[in-house]
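Novice: Here is a sequence with its predicted model. Questions after.
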Amino acid sequence: MSFLFKRNPKTAGDLVRILNEQVVKLETTNGSERKKAQDEVSRHLFTIKTIINGEENPLNDASHGSQTETLTQLSQEIYSFDLMYNLILNLRNIEFDSRKIVVLLFNSLLKRKVGNRSPTVDYLLSRHKIVVTLMRGPETPEISLNTGLMLREAIKHEAVAKSVLYDPLFWKYFDYVNTDSFETSTDAFATLNDLLTQHKQLVGSFFSNDQIVSKFISGINKLITNGNYVTKRESTKLLADLIMIKLNYNLMTRYVNDVENLKIIMLILGDRSKNIQLEGFNVFKVFVANPKKEKAVIDILAKNRNKLLQFLGSFNKERNDDLFIAEKDFIIQQIQALPKIIVAEKVVEN
């Protein structure tokens with residue numbers, strides 16, 4: 001009959017304080033004590049879910065106000081107790097279904113506005129350790145989908161996205177994408193993709209740094225050449241999308257002026273998958289259309305002139321897309337205009 005003695009919180013402050021105490025026990029206890037703490041964490045998280053969903057207020061405080069007032073009090077107490085950090089830090093020790101409530105709570109907090117401000121964004125910026133803990137999510141496969149959902153919701157806010165982009169841990173995402181777990185790899189790529197495509201001004205400034213561009217090119221080329229089918233296709237598509245954005249001019253010029261990158265993309269054109277070939281073409285066309293090609297790039301294109309023309313002549317002939325047809329015709333014309341390399345015959349002396 002132990003349930004008769006369970007503490008039922010009367011206020012938002014009580015709820016957060018008691019939940020926080022139980023979450024901390026997940027770190028410090030084992031066996032039956034940890035299981036008891038897990039049950040209590042789940043019970044109190046369910047109470048929070050009820051409040052968020054606007055159901056009957058389960059708190060015992062008869063003087064509680066509206067749902068909005070209760071959510072405001074709840075949010076303030078969560079910030080005060082640093083509960084969000086403790087929940088994320090101990091996410092792997094929380095029961096499976098209750099992890100979803102943690103995601104619901106985190107995303108609900110992010111949507112809360114006070115005038116033009118987002119208190120939760122301010123909170124995350126002042127507690128960067130929360131963002132870092134989310135970024136490390138792929139290192140723990142059983143919670144990586146949960147942390148990925150929270151991180152992608154957070155980086156919708158440009159200030160948080162900036163803190164992630166400029167954190168050294170950002171570069172680990174190229175390793176996370178290459179992990180053996182398909183779910184973790186796919187989720188990590190979704191985060192990488194959102195980071196590099198959602199805030200164009202921010203990313204354009206990010207790529208204005210030559211050292212960062214070099215590091216990115218190295219990372220994306222590894223995904224393109226070493227990844228599985230999905231990683232190869234999506235990485236090539238991401239690269240194509242990025243170099244077509246004017247604000248990423250420094251990335252585009254650095255990429256298409258390097259003959260080693262051209263060799264990688266020409267290999268992608270020869271991939272067995274038509275989908276990967278098409279994404280490769282969307283990068284290749286930028287090499288060819290570049291009016292200021294490096295001599296080494298011209299030499300490679302000219303050397304492979306006949307093979308490229310033969311390939312492009314039959315490439316996606318069935319595709320009924322006016323833009324694609326026009327682009328392919330233009331690329332063919334550009335390659336046809338390349339200088340022909342004449343191989344000198346050896347003169348045999350008598």
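Specialist: Yes, it's here.
Novice: so how far is the longest helix seen in the chain from its chain's centroid?
Specialist: The single longest helix within the chain, with elements called by DSSP state H, is helix 31-52. The gap between the average C-alpha position of helix 31-52 and the chain average comes to 30 Å, counting by C-alpha atoms, centre = their mean, to the nearest Å.
Novice: in it, what's buried?
Specialist: Ala37, Gln38, Glu40, Val41, Ser42, His44, Leu45, Thr47, Ile48, Lys49, Ile51, Ile52 (16 or more other C-beta atoms under 10 Å). In short, each C-beta sits where N, CA and C put it, glycine included.
Novice: same question, stretch 78-97
Specialist: Under 16+ other C-beta under 10 Å, the buried positions of stretch 78-97 are 78-79, 81, 83-91, 93-94.
Novice: Convert the helix or strand containing Ala190 to PDB, retaining C-alpha atoms only.
Specialist: Following DSSP states H and E, one finds Ala190 within helix 182-197. Taking Å, rounded to 0.1, in the frame of the first residue of the first chain, the C-alpha atoms of helix 182-197 are listed here in PDB:
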ATOM      1  CA  PHE A 182      21.200   3.200 -39.900                       C
ATOM      2  CA  GLU A 183      18.800   5.100 -37.600                       C
ATOM      3  CA  THR A 184      21.500   7.000 -35.900                       C
ATOM      4  CA  SER A 185      23.300   7.800 -39.200                       C
ATOM      5  CA  THR A 186      20.000   9.000 -40.800                       C
ATOM      6  CA  ASP A 187      19.100  11.100 -37.800                       C
ATOM      7  CA  ALA A 188      22.600  12.700 -37.600                       C
ATOM      8  CA  PHE A 189      22.400  13.600 -41.200                       C
ATOM      9  CA  ALA A 190      19.000  15.200 -40.800                       C
ATOM     10  CA  THR A 191      20.600  17.400 -38.100                       C
ATOM     11  CA  LEU A 192      23.600  18.200 -40.300                       C
ATOM     12  CA  ASN A 193      21.400  19.100 -43.200                       C
ATOM     13  CA  ASP A 194      19.200  21.400 -41.100                       C
ATOM     14  CA  LEU A 195      22.200  23.200 -39.600                       C
ATOM     15  CA  LEU A 196      23.600  24.000 -43.100                       C
ATOM     16  CA  THR A 197      20.400  24.900 -44.900                       C
END
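Novice: Tell me which helix or strand comes right after that helix.
Specialist: Downstream of helix 182-197 (by DSSP H and E), the next one is helix 200-206.
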